[in-house]
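Undergrad: I need the structure of the sequence given here:
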Amino acid sequence: MSQMSQSNRNINNLLSSFTGPPVQVDVNQDAFKTQDKELVGAIDQGTSSTKFMVFTKQGKVAIKAQMEHKQIYPDDAVGWHEHDPLELWRNTCTCIERVTAALKNRARMDLLATTTFRIVSIGITNQRETCIAWDADSGKPYSNAIVWDDVRTTGIARELAHHDGVNRLRSRTGLPLASYFAGTKVKWLIDNVPELARDLQDEQKRANVRFGTVDTWLLYQLTGTKSVDEGAANVGGLFMTDVSNASRWLFMNLETLKWDQELVDTVCAPHSVPLSALPEICPSSHVYATLKDSCGIQGIKDVPLASILGDQQAALFGQCAFDPGEAKNTYGTGLFLMMNTGKDLVPSKHGLLTTVAFQLGKDSDVVYALEGSVSHAGSTIQWLRDQLQLIESAPDTETLSTPQNDGLYMVPAFAGLFAPYWRSDARACIVGMTTSHHKGHVCRAALEALAYQAREVFDAMFADSQVQLKELKVDGGASVNKLLMQFQADMIDVDVVRPTVMETTSMGAAFAAGLAVGVWNDLEEIRALWKADERFSPSMDESDRERNWKGWKKAISKSLGWVDDEKKVEEEGHSEPEGQEQTDVKPLDEPADDQQVQGDDTPGVDTPAAEPVVEEEKAIHEDKAPVEEKVTDEKPDRGVHGTVDDEQPPETDDDDVKAVEEDEDEDEDGAVKPMVIDRGMDDMDFGVVKRERVVAPARPAASYSLVFLLICCLVALTTGMLVGKHHELIQKHVMDFLYPHDHSSCSCCPDFGSDDMEEEEDEEDGDDIDDDDTILK
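TA: Predicted coordinates for the structure are as follows:
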């Protein structure tokens, strides 16, 4: 890989003829110094980009092409995340064509070669759970793809879990009810896309409805032919998926490895979704098709497409974790720790997911895994860069970080907490701040948060499997951060090992594809290709480790209970909803009793913390009741990612509220507190109206001015002398009361000795009295 940047010069002229979004192409010339001319390709379609890579038989990356795609976040829907399915396909085509063009260009330059390198097999690995619906007749998608971390289906998951809890389907699917999985997205699409709903109700058109994850969509395009319809790519392709992706829907029975109509009906009710709308489930390593030029891509004719794996299962395979008890941890957009459990389907009691790892051929047994999924890992560093603008690039976190956290912790629960808590009511927070902290501490806290979350899953993995990992293999973009890797080893107290080839997800898909066509004969031959690059061993004192861990658990307790289910509380009218259940598993090392959130006594149920009493801010001269904000149901469900939760409304102490009401107008000395004014700042350029709190100066003597003003008015009215000096005197006291400052040098106040000003005041006298009366009240 070190030669790639140098060899880019060899293809600059070739790539200059292409137009469109930027494509990064890297060629590793060292990889071609081999007598084996067979290459295995891997399409790696991820959350942020699409890659196509080719590997040599020695497991080296030969050529890599990568393109980012647009992240669609609808303006009026917080937490929604979409991709354009056609853009994903176009970028896949472009990446493949760039690599095949680079191969041809290299062949032309290597005049002495008797044979040329050729791609003999291709695999697919993909972002899991992202759901696409399309019409097989036209090839047109019904809508954008709903990305795996989108939160719009939280309400659907909550409704499904209302009576029987979030683990209602876990015994058959291995999964809790959560917006994370593809099944809830299917129901949302039917509920909200009229054309899709109509087609499902039509006896003829329903046969053409297709639901699939990204692997299925790409396979359909790769094996199809060009559509004549505008807004479509190909039609007539194969409609298949593999067992690893199928296990992430809430629709597949883990034991039978088949779609379960009862599960589909349960999740999608009241809609009827036929099993024909779901792809055929196949092994992970398996020849799906032989590709043709008719799909629209040049250079891959007659190449077998021979594997499909979800991205995390592909990374497990790429790390050569073939045996039970072997594990890997990927630090990507999210964080995913997965352990091979072999042929045993291990139910989790500590917040993990039971899922399929892979299946090598139709006649082979399926291999299962335990997985802990965390929603924000690398995306937390991206947030520091793009939203807070504390860093210019991800490596800055390592150079800016302080040696210690100095008591500062960050919990990146931007979309709730995933494993092992599954708390959708949680929100991100930074705690323990003092004036001595700076951006270096925030960078340190962000990196540490990744390691703490990994330990949460690491400990839960041991509790479920009773397998103590002796080392942890790591990969993903954030694993290049040496500070993070060392801290990770310190927190889990075992060695952390980083491989030579970091592209383990693509490598896993390539290994599975090559295995299916005989490039590699068996798993042991593949295992021999894996090489360690760097090992990080624990060096932290036990006392420091426990201090850090205690601080993290305390920070977690502060992140819980931030999101209320107002609609649920309003409908049921009581504080203990029927069937309340957050999850029937309890994370290890929960916060201490004095940090634990308060709730019911259901075993293993985490209930949100009661929110603090919010004191209404009142102007000292205003008697009106505070205006309550109205909550309507017209907006889309914008819950948070994770399992559903039926929360209790916060409890308040009547004595505390009474004390607040009695003391809110006076401070400890009995003096009147300063007036607090909320002023809307519509000219701020942040996309939302900000509120500026302006504190007016305290006026303990204001009542005396008011009394004197009223006496003067009374005298003036009874004597008919509301002119001259009395007028000026009254006006002066009015200005003293409203704007206490020196009027003699103020350009904004009237000249009290001016006759012209007296005339202007007489003309506007009625309006001024009305305004003053309103203020005085």
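Undergrad: which neighbouring elements make contact with the helix ranked longest in the chain?
TA: In the chain, with assignment by DSSP state H, the single longest helix is helix 439-465. With contacts taken as 3 or more CB pairs under 8 Å, 6 or more residues apart in numbering; DSSP states H and E, helix 439-465 sits against strand 327-331, strand 335-342, strand 366-374, helix 378-386, helix 396-400, strand 409-411, helix 482-492, helix 542-559. Using the backbone N, CA and C atoms, a C-beta is placed for each residue, glycine as well.
Undergrad: with mean neighbour count and mean pLDDT added, can I get these in JSON lines?
TA: Below are the helices and strands packed on helix 439-465 laid out as JSON lines (neighbours: other CB atoms under 10 Å; pLDDT from 0 to 100):
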{"stretch": "strand 327-331", "mean neighbour count": "27", "mean pLDDT": "92"}
{"stretch": "strand 335-342", "mean neighbour count": "25", "mean pLDDT": "92"}
{"stretch": "strand 366-374", "mean neighbour count": "25", "mean pLDDT": "93"}
{"stretch": "helix 378-386", "mean neighbour count": "19", "mean pLDDT": "89"}
{"stretch": "helix 396-400", "mean neighbour count": "17", "mean pLDDT": "91"}
{"stretch": "strand 409-411", "mean neighbour count": "26", "mean pLDDT": "95"}
{"stretch": "helix 482-492", "mean neighbour count": "21", "mean pLDDT": "95"}
{"stretch": "helix 542-559", "mean neighbour count": "17", "mean pLDDT": "95"}
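Undergrad: need those in JSON lines with distance to residue 186, can you?
TA: Compiled in JSON lines, those are given as follows (distance: least, CB to CB, whole Å):
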{"stretch": "strand 327-331", "distance to residue 186": "26"}
{"stretch": "strand 335-342", "distance to residue 186": "23"}
{"stretch": "strand 366-374", "distance to residue 186": "20"}
{"stretch": "helix 378-386", "distance to residue 186": "25"}
{"stretch": "helix 396-400", "distance to residue 186": "38"}
{"stretch": "strand 409-411", "distance to residue 186": "31"}
{"stretch": "helix 482-492", "distance to residue 186": "36"}
{"stretch": "helix 542-559", "distance to residue 186": "30"}
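Undergrad: circling back: how much does the longest helix of the chain deviate in direction from strand 366-374?
TA: Helix 439-465 and strand 366-374 are oriented at 150 degrees to each other (axes from the mean of the first three to the mean of the last three CA atoms, to 10 degrees).
Undergrad: parallel or antiparallel, list what pairs with the following helix or strand past helix 439-465.
TA: Next along the chain after helix 439-465, taking DSSP states H and E as the criterion, comes strand 471-475. Note on strand 471-475: by DSSP bridges, its sheet partners are strand 327-331 (parallel), strand 495-499 (parallel).
Undergrad: let me know the angle separating strand 471-475 from strand 335-342.
TA: Using the same axes, to 10 degrees: strand 471-475 against strand 335-342 is 130 degrees.
Undergrad: pull strand 471-475 out as CSV, backbone CA atoms only.
TA: C-alpha atoms of strand 471-475 as CSV (Å, rounded to 0.1, in the frame of the first residue of the first chain):
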residue,chain,number,x,y,z
GLU,A,471,-6.4,-10.4,22.0
LEU,A,472,-8.6,-8.1,20.0
LYS,A,473,-8.1,-7.7,16.2
VAL,A,474,-9.0,-4.2,15.1
ASP,A,475,-9.7,-2.5,11.7
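Undergrad: touching that strand from outside, list them.
TA: 315, 318-319, 321, 326-331, 337, 458, 485, 488, 492, 494-499, 502, 504-505 (CB atoms under 8 Å, 6 or more residues apart in numbering).
Undergrad: that one vs helix 482-492, what angle?
TA: Using the same axes, to 10 degrees: strand 471-475 against helix 482-492 is 150 degrees.
Undergrad: least trustworthy helix or strand in this structure by mean pLDDT?
TA: Ranked by mean pLDDT, DSSP states H and E, the helix or strand of the chain with the weakest confidence is strand 676-681, at a mean of 33.
Undergrad: returning to that earlier point: how about the strands paired with strand 471-475 in JSON lines, adding distance to residue 48?
TA: Formatted as JSON lines, the strands paired with strand 471-475 follow (distance: least, CB to CB, whole Å):
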{"stretch": "strand 327-331", "distance to residue 48": "14"}
{"stretch": "strand 495-499", "distance to residue 48": "21"}
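Undergrad: for residue 425, which of those is the nearest?
TA: strand 327-331 (25.7 Å; CB to CB).
Undergrad: where does the stretch 251-400 of the chain dip in pLDDT?
TA: Applying pLDDT under 70 to the stretch 251-400 of the chain flags no residue at all.
Undergrad: show me where it has helices.
TA: 261-268, 311-318, 378-386, 396-400 (DSSP state H, counting those that start in this stretch).
Undergrad: mind putting those helices in a markdown table, distance to residue 27 included?
TA: Formatted as a markdown table, these follow (distance: least, CB to CB, whole Å):
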| stretch | distance to residue 27 |
| --- | --- |
| helix 261-268 | 46 |
| helix 311-318 | 21 |
| helix 378-386 | 26 |
| helix 396-400 | 28 |
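Undergrad: and residue 559, which of those is closest to it?
TA: helix 378-386 (13.4 Å).
Undergrad: and the pLDDT at residue 720?
TA: Listed pLDDT for residue 720 reads 52.
Undergrad: what sits against the residue nearest to residue 325 when sequence neighbours are not counted?
TA: For residue 325, ignoring the flanking residues on the chain, the nearest one in space by CB to CB, 6 or more residues apart in numbering is residue 467 at 4.6 Å. Residue 467 makes contacts with 324, 325, 339, 461, as judged by CB under 8 Å, 6+ apart.
Undergrad: and the gap between residue 467 and residue 340?
TA: 10 Å (CB to CB, to the nearest Å).
Undergrad: so what sits against both of the two?
TA: What both residue 467 and residue 340 touch, as defined by CB under 8 Å, 6+ apart, is the set 324, 325.
Undergrad: run a quick neighbour tally on residue 533.
TA: 12 (other CB atoms under 10 Å).
Undergrad: check which helix or strand covers it.
TA: Judged by DSSP H and E, residue 533 forms part of strand 532-536.
Undergrad: tell me the buried residues in that strand?
TA: By 16 or more other CB atoms under 10 Å, the buried positions in strand 532-536 come out as residue 536.
Undergrad: now that strand: mean pLDDT?
TA: 94.
Undergrad: which residues sit against that strand?
TA: Residues outside strand 532-536 that contact it (CB under 8 Å, 6+ apart): 482, 485, 486, 488, 489, 495, 496, 497, 498, 499, 500.
Undergrad: just put the residues you listed in JSON lines and tack on distance to residue 452.
TA: What follows is the contacts of strand 532-536, written out as JSON lines (distance: CB to CB, whole Å):
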{"residue": "482", "distance to residue 452": "18"}
{"residue": "485", "distance to residue 452": "14"}
{"residue": "486", "distance to residue 452": "14"}
{"residue": "488", "distance to residue 452": "9"}
{"residue": "489", "distance to residue 452": "13"}
{"residue": "495", "distance to residue 452": "18"}
{"residue": "496", "distance to residue 452": "14"}
{"residue": "497", "distance to residue 452": "20"}
{"residue": "498", "distance to residue 452": "19"}
{"residue": "499", "distance to residue 452": "23"}
{"residue": "500", "distance to residue 452": "28"}
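Undergrad: which of these lies closest to residue 349?
TA: Checking these one by one against residue 349 (CB to CB), the nearest turns out to be residue 488, at 24.9 Å.
Undergrad: wait, what's in contact with the closest one?
TA: 450, 451, 454, 455, 472, 474, 496, 536.
Undergrad: now with 6 Å, please.
TA: For residue 488, the contact set (CB atoms under 6 Å, 6 or more residues apart in numbering) comprises 451, 496.
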